[in-house]
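Student: sequence first, predicted model second:
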Amino acid sequence: MSGALLMALLLDAVFGEPKALWDRFPHPAVLMGRVVGWCDRTFNEGGPDRLRGTLVCIALVLGAGVLGRLLGAVPGTLVEVLVAAVLLAQRSLVDHVRDVAAALRRSLSEGRAAVARIVGRDTANMTGPAVARSAIESAAENLSDGVVAPAFWFLVAGLPGIAVYKAVNTADSMIGHRTERHGAFGCATAKLDTVLNFIPARLTAAFFLLAGGVPWAWRIVVRDAPGHRSVNAGWPEAAMGAFLGVALAGPRAYGGQSVADPWMHADGRREATPEDIERSVALLWRV
């Protein structure tokens, strides 16, 4: 299994997500999103009923697990390697984050436009350092969600493990928000996603510190990460901030509303730069 994972990581690192392929065929993540969207439209009445959302979550897990089991039953390792490579996202993450650094060097407006493609917060009034911090935070959190976690569950449970993780993570990004429509319906999915990411998020933080040569900074991570709004996201963000010497997270705005989140690595500098983004990308590759 570890050999298959290594080959899958190498394939994704070299080829990423070939545009010519995914222009002709829907990406598995897109197909998962369509299934989740259909479930949302069909079963979510926008009320306080958590039962339907829980049943949808169970159905997604069972469906992804069965599909992964069927694919894993194909003789040889080729299918296993190809499917795992498609469900990992290291190259695409690096490309998107690096694009922000290049755009920010050209102009603030281009930097805002580039970072808006990878974060969900308001970007229209961001300063240059805020754009850079947002890109770095996305790099840290998405390495955990898009690479370490799926790799972890692939090692634990093979193709069923990585398929279930990606289905739940995709569903959480769509229906796991605490909104009037999804607060109840997506509750089970959001909780399961938190459970599935619990160990990988902390592993990612440890990998950042070890690969960055700053293992002593674990005390900073342990101090700051529990204050994050997310049970898991604060760990890789605090570790990345400690490596770069930059304060991450902190106040930001969503949908026109300011949110006063605490800083991760609060003692770091706030003036992040495109060079800091490049350093974060280099650390992603080392991890």
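Tutor: On my side now, so go ahead. Numbering: from 1, shown residues only.
Student: and the helix or strand of the chain with the lowest mean pLDDT, C-alpha only, in PDB?
Tutor: Ranked by mean pLDDT, DSSP states H and E, the helix or strand of the chain with the weakest confidence is helix 19-22, at a mean of 76. What follows is helix 19-22 as a C-alpha-only set of coordinates in PDB (Å, rounded to 0.1, in the frame of the first residue of the first chain):
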ATOM      1  CA  LYS A  19      -6.700  20.000 -18.400                       C
ATOM      2  CA  ALA A  20      -7.000  18.000 -21.700                       C
ATOM      3  CA  LEU A  21      -8.300  15.100 -19.700                       C
ATOM      4  CA  TRP A  22     -10.700  16.900 -17.400                       C
END
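Student: identify all contacting residues around the helix or strand following it.
Tutor: Under the assignment DSSP states H and E, the closest C-terminal helix or strand after helix 19-22 is helix 28-43. Applying CB atoms under 8 Å, 6 or more residues apart in numbering, the external contacts of helix 28-43 come out as 26, 52-53, 55-56, 59-60, 63-64, 83, 86-87, 166-167, 170-171, 174-175, 182, 185. Quick note: C-beta positions are derived from backbone N, CA and C, even for glycine.
Student: which of these are buried?
Tutor: Buried residues within the contacts of helix 28-43, counting neighbours by 16 or more other CB atoms under 10 Å: 52-53, 56, 60, 64, 83, 86-87, 166-167, 170-171, 174-175, 182, 185.
Student: in helices, which of these fall?
Tutor: 52-53, 56, 60, 64, 83, 86-87, 166-167, 170-171, 174-175 (DSSP state H).
Student: tabulate the residues you listed (JSON lines), appending distance to residue 252 and pLDDT.
Tutor: Written out in JSON lines, the entries for those read as follows (distance: CB to CB, whole Å; pLDDT from 0 to 100):
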{"residue": "52", "distance to residue 252": "32", "pLDDT": "92"}
{"residue": "53", "distance to residue 252": "28", "pLDDT": "92"}
{"residue": "56", "distance to residue 252": "30", "pLDDT": "94"}
{"residue": "60", "distance to residue 252": "30", "pLDDT": "95"}
{"residue": "64", "distance to residue 252": "32", "pLDDT": "96"}
{"residue": "83", "distance to residue 252": "36", "pLDDT": "93"}
{"residue": "86", "distance to residue 252": "32", "pLDDT": "92"}
{"residue": "87", "distance to residue 252": "29", "pLDDT": "93"}
{"residue": "166", "distance to residue 252": "27", "pLDDT": "96"}
{"residue": "167", "distance to residue 252": "29", "pLDDT": "96"}
{"residue": "170", "distance to residue 252": "24", "pLDDT": "94"}
{"residue": "171", "distance to residue 252": "24", "pLDDT": "94"}
{"residue": "174", "distance to residue 252": "21", "pLDDT": "91"}
{"residue": "175", "distance to residue 252": "22", "pLDDT": "89"}
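Student: now residue 252: closest residue in space that isn't a chain neighbour?
Tutor: In space, and not counting its chain neighbours, residue 252 is closest to residue 121: 4.9 Å by CB to CB, 6 or more residues apart in numbering.
Student: tell me, how many residues neighbour that neighbour?
Tutor: One way to gauge burial is a neighbour count; for residue 121, by other CB atoms under 10 Å, it gives 16.
Student: check the gap between it and residue 42 for me.
Tutor: Between residue 121 and residue 42 the distance is 30 Å, computed by CB to CB, to the nearest Å.
Student: distance of the residue in the chain sticking out farthest from the centre relative to residue 162?
Tutor: Relative to the average C-alpha location in the chain, and by CA atoms, centre = their mean, no residue lies farther out than residue 75, which sits at 31.1 Å. Distance, residue 75 to residue 162, using CB to CB: 19 Å.
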